[in-house]
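Student: Build me a model from this:
(chains A and B)
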Amino acid sequence: MLPGDDRSVLQAFREGERATLTRVYRTYSPQVARYLARRFSVRSGSSVHSVSLGALDLDAAHQETFVRAFRPAMRQAYDGVRPYLGFLLTLARSTAVDLLRASGRIAREAVPLDDAPELAHAPTEEHGPEEQALRAEVRTLVRQFLEGLPEEARALAQLRFMEGLSQEAAAARLQLTRGEVRVRERHLRTRFTEHLLARGWLDVPLGGMEKLP
Amino acid sequence: MSWFDPHVDGLLARWAEGTLSPRQSARLLRHAHACERCGASYERLVRASRLLEHADPHVPTGTELAALADTGLAAALAAAEPEASRIRWPSLSLAGGMLAAVSLAVLVVLVQPREELDSLQARGGSGRPARAALRVFCAAKQRPLRELEPSQACPPGAQLAFAVGADAPLSHVAVGLYTRRLQSIEGPFSVTGRPGAEQPLETTLPLQVPAGEVEVLAAFADSPREALAALRGETHQGAVVLRLPLRVGEETP
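Tutor: Presented below is the predicted three-dimensional model:
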């Protein structure tokens, strides 16, 4: 596994060779992003909270994780023996917690539960009422959107989004070419954005779209 | 000028379609971080898209993953460089001395080799064709877009927009905004315009800095990597760096 799978790769990584660093970045970027998007449990005082990064915080934390990981001292600190992903995710968690502390979303003294395994079974305060209401609102919007689609478009949404098929696999199932699936998917996404706009979820008309009365 | 949009509504629409290029994604995210209006729209669009694609608000969409796979790479690679080779803000005395010595509309600095210095002219200079040209515009709320001359002011919170042109072999440009405390680098970008027929760059730099002196640098070179290296102050055969000193603050009548 990169960068510890080969002595020459590890050497190039430690020396900061750009092509190797680019490979490492592209290999682990999706896993770091998925990890950062999850909920983090933290203990503050006597209560345990579950918090997550917003989409923009995710971008900031993702970039900062790799900035920290690629600094010369941190590259030297990686031993090449342990899986690098674990090393990166530890950095990612620490970056996420730093960001949440800096934004005031968790207290400065809050302890991430991954750093204190004995607290992992403490009862967690689930989503607050505001978060629950927001989540319910978006779920309703998505359900209404899917229910309002013509059968063909709904079938495409089912295969691509709910079942997670690739465009090629979805094309085979729907007996379409990949190009046709790509175009139909783009229309589906545009239609979704128009739906969000019409329902007031988005309050700014995006380029070329009109907010319906 | 119609090419400049202070917000990124068009890019958000294309993000929703899943048709943004890596560079456009980077621009969208940079702007969304600095703009409350567009940041809020992005957050809401992402939240709804995650529910549509994964029925889970904590699983990033394919579009998000694709954007992240590109946007942070330049910063990560910059952090990988040894401390000594990272860009340093030139001392004010040095910059002041240089500005006093050369009274051109835009100060042109040849990184290397020095013997080519005479062949470079500022835009609107002595008549010989310039190899590279930089134009900087101030885009402030409720005000028309305005081209900035050296040492002119642009208010805090406004955006700087750019148009560039260069002759072959200069094919790429990176731009940076420098204060004594921070640097903000954009690019590298392909140069599509020529001196005298400059084309806009698909980027803006927010002036999220306190009032005072700043400097815009544009480094032109024959490859993206060399343009970035020249902006960082590393020497490169044939690179051209243009500097434009500006003030952040209200324009005095």
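Student: from here on, contacts and neighbour counts on C-alpha atoms
Tutor: Noted.
Student: For chain A, what's its nearest residue on chain B.
Tutor: B:Gly10 (3.8 Å; CA to the nearest CA).
Student: Can you report how many residues lie near that residue?
Tutor: B:Gly10 is flanked by 16 other residues according to other CA atoms under 10 Å in any protein chain shown.
Student: pLDDT of the helix or strand containing it, averaged?
Tutor: Using DSSP states H and E, B:Gly10 falls within helix B:9-17. Average pLDDT, helix B:9-17: 85.
Student: Just name whatever secondary elements that helix is in contact with.
Tutor: helix A:178-198, helix B:22-34, helix B:36-54 (3 or more CA pairs under 8 Å, 6 or more residues apart in numbering or on different chains; DSSP states H and E).
Student: per-residue confidence at A:Gly128?
Tutor: If you check A:Gly128, the pLDDT there is 68.
Student: Helix, strand, or coil at the closest residue to A:Arg101 other than its chain neighbours?
Tutor: Once flanking residues are discounted, A:Arg101 sits nearest to A:Arg108: 5.6 Å by CA to CA, 6 or more residues apart in numbering or on different chains. Using DSSP: H, G, I helix; E, B strand; the rest coil, the structure places A:Arg108 in coil.
Student: any idea how far A:Arg108 lies from A:Leu99?
Tutor: Computed with CA to CA, to the nearest Å, the distance linking A:Arg108 and A:Leu99 is 11 Å.
Student: The two: who's more crowded?
Tutor: Neighbours were counted for A:Arg108 and for A:Leu99 using other CA under 10 Å; A:Leu99 has more, 19 against 13.
Student: That one sits in which helix or strand?
Tutor: Assigned by DSSP H and E, A:Leu99 falls within helix A:84-102.
Student: Which SSE is immediately downstream of that helix?
Tutor: strand A:111-112.
Student: will you turn the helices and strands packed on helix B:9-17 into a markdown table that also has mean neighbour count and distance to B:His172?
Tutor: Output for the helices and strands packed on helix B:9-17, formatted as a markdown table (neighbours: other CA atoms under 10 Å in any protein chain shown; distance: least, CA to CA, whole Å):
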| stretch | mean neighbour count | distance to B:His172 |
| --- | --- | --- |
| helix A:178-198 | 18 | 32 |
| helix B:22-34 | 20 | 14 |
| helix B:36-54 | 20 | 29 |
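Student: how about these, which one is nearest A:Leu91?
Tutor: Of all these, it is helix B:22-34 that lies closest to A:Leu91, at 22.2 Å by CA to CA.
Student: how much does the closest one deviate in direction from helix B:36-54?
Tutor: On the basis of axes from the mean of the first three to the mean of the last three CA atoms, to 10 degrees, helix B:22-34 is oriented at 120 degrees to helix B:36-54.
Student: Helix B:22-34 - contacts with which helices or strands?
Tutor: Applying 3+ CA pairs under 8 Å, 6+ apart, we find helix B:22-34 packed against helix A:55-70, helix B:9-17, helix B:36-54, helix B:62-71, strand B:199-206.
Student: Run through who's touching that helix.
Tutor: Helix B:22-34 is contacted from outside by A:56, A:59, B:7-8, B:11-12, B:15, B:38-40, B:42, B:66-67, B:70-71, B:202-203, B:206, using CA atoms under 8 Å, 6 or more residues apart in numbering or on different chains.
Student: mind checking how far that helix is from the chain centre?
Tutor: Here helix B:22-34 shows a centroid-to-chain-centroid distance of 12 Å under the convention CA atoms, centre = their mean, to the nearest Å.
Student: Quick check: mean pLDDT of it?
Tutor: For helix B:22-34, the mean per-residue pLDDT is 84.
Student: Now do it against helix A:55-70, angle only.
Tutor: For helix B:22-34 against helix A:55-70, the angle by the same axes, to 10 degrees is 110 degrees.
Student: show me what contacts B:Leu65?
Tutor: A:Ser29, A:Pro30, A:Ala33.
Student: try 6 Å
Tutor: Contacts here follow CA atoms under 6 Å, 6 or more residues apart in numbering or on different chains; on that basis B:Leu65 touches A:Pro30.
Student: likewise A:Thr20?
Tutor: Contacts for A:Thr20 (CA under 6 Å, 6+ apart) come out as A:Phe13.
Student: before we move on, which element is it in?
Tutor: Element membership for A:Thr20, per DSSP H and E: helix A:18-37.
Student: and the angle for that helix with helix A:55-70?
Tutor: In terms of direction (the same axes, to 10 degrees), helix A:18-37 departs from helix A:55-70 by 140 degrees.
Student: quick check, distance from helix A:18-37 to the centre of its chain.
Tutor: Chain-centre distance of helix A:18-37: 12 Å, with CA atoms, centre = their mean.
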